[in-house]
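Undergrad: Below is the structure, and that's it, no one-letter string:
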């Protein structure tokens, strides 16, 4: 059995590489990987002692340190193998051509990942919503993709370029508080004040409501006169823990609103259609309606056709919100669930 001498050399692409140089290069790469692992552990332990206030900063330091140590290890190994810088420049040029064709997407995601780490518009721990409707917490920003974890504990890998080129709603970028709108409808003819009281009772029953009075108190808005219902919205500011669980929180408020409407015996209407009767057995319009015992609408400009007086707007929360009587705080006018 013949053994290869330690000084034996082979020719690779015109470059003479000895066995000793190859072994040394491998050892240098292994040492670089060990340094990366040790660096990550040290930064993790230090960040845990310092608390979570600068969690995103330490994550960025860890990622950049990993890339620098890895690049230094690769360059050192290449130098140990005896690859001249001129030849390395040729290889880099060929790699650049490859990036222009097959590796363009990978390189774009890598650069986008670096932008995310430096820009701080997206950081670990943020709760985001993508343009596709996917929501989740940012757990990792890696070389190619960012890992999101949904509230159903599903890991989703999103290419970094999607965060840079696409529209992303970051619900916790500036403030962890968020305003939620809970739509519901009641039958025409229902007393608005009774609807308002029922909705405010529902807001008080849900523990995610941030405050029951003050500038961020719950409000009830009459948003639209629908085809079959008066459409209201219960507007509430959420606590920090509720901001990152939008679907479950909305379901909790829907449950509470439905229960409150039932307690107050407020009808939730079904779709309705009006039937206009013009002729019946030779009778037309008003005469036909009288024959069926239906109410006859008064003619225009006749007594009884005048509109009722407007109600006192003092309990209209929408007026308070627009006029500023709700003592709007900085940023309160923005609905964080709709910003990009």
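TA: Perfect, I can see it now. Quick caveat: nothing in here was measured; it's all calculated off a predicted structure. Numbering: from 1, shown residues only.
Undergrad: Run through the strands of the stretch 1-150 of the chain in chain order.
TA: All strands of the stretch 1-150 of the chain, identified by DSSP state E, counting those that start in this stretch, fall at 9-12, 15-18, 127-129, 135-141, 145-149.
Undergrad: Can I get those in JSON lines including distance to residue 79 and mean pLDDT?
TA: Any C-beta I mention is one placed from the backbone N, CA and C, and that applies to glycine too. JSON lines is the format used below for the strands of the stretch 1-150 of the chain (distance: least, CB to CB, whole Å; pLDDT from 0 to 100):
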{"stretch": "strand 9-12", "distance to residue 79": "15", "mean pLDDT": "60"}
{"stretch": "strand 15-18", "distance to residue 79": "12", "mean pLDDT": "69"}
{"stretch": "strand 127-129", "distance to residue 79": "42", "mean pLDDT": "89"}
{"stretch": "strand 135-141", "distance to residue 79": "30", "mean pLDDT": "88"}
{"stretch": "strand 145-149", "distance to residue 79": "32", "mean pLDDT": "90"}
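Undergrad: Redo these as a markdown table? Include distance to residue 268 and mean neighbour count.
TA: Shown next, in a markdown table, are those (distance: least, CB to CB, whole Å; neighbours: other CB atoms under 10 Å):
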| stretch | distance to residue 268 | mean neighbour count |
| --- | --- | --- |
| strand 9-12 | 77 | 11 |
| strand 15-18 | 79 | 14 |
| strand 127-129 | 29 | 20 |
| strand 135-141 | 28 | 19 |
| strand 145-149 | 36 | 19 |
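Undergrad: With residue 175 as the reference, name the closest of the ones you listed.
TA: strand 127-129 (12.0 Å; CB to CB).
Undergrad: which helices and strands does the closest one pack with?
TA: For strand 127-129, the contact count by 3 or more CB pairs under 8 Å, 6 or more residues apart in numbering; DSSP states H and E identifies strand 135-141, strand 169-170 as packing neighbours.
Undergrad: The strands of the stretch 1-150 of the chain into JSON lines, with extra columns for distance to residue 183?
TA: Below are the strands of the stretch 1-150 of the chain laid out as JSON lines (distance: least, CB to CB, whole Å):
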{"stretch": "strand 9-12", "distance to residue 183": "69"}
{"stretch": "strand 15-18", "distance to residue 183": "70"}
{"stretch": "strand 127-129", "distance to residue 183": "19"}
{"stretch": "strand 135-141", "distance to residue 183": "19"}
{"stretch": "strand 145-149", "distance to residue 183": "27"}
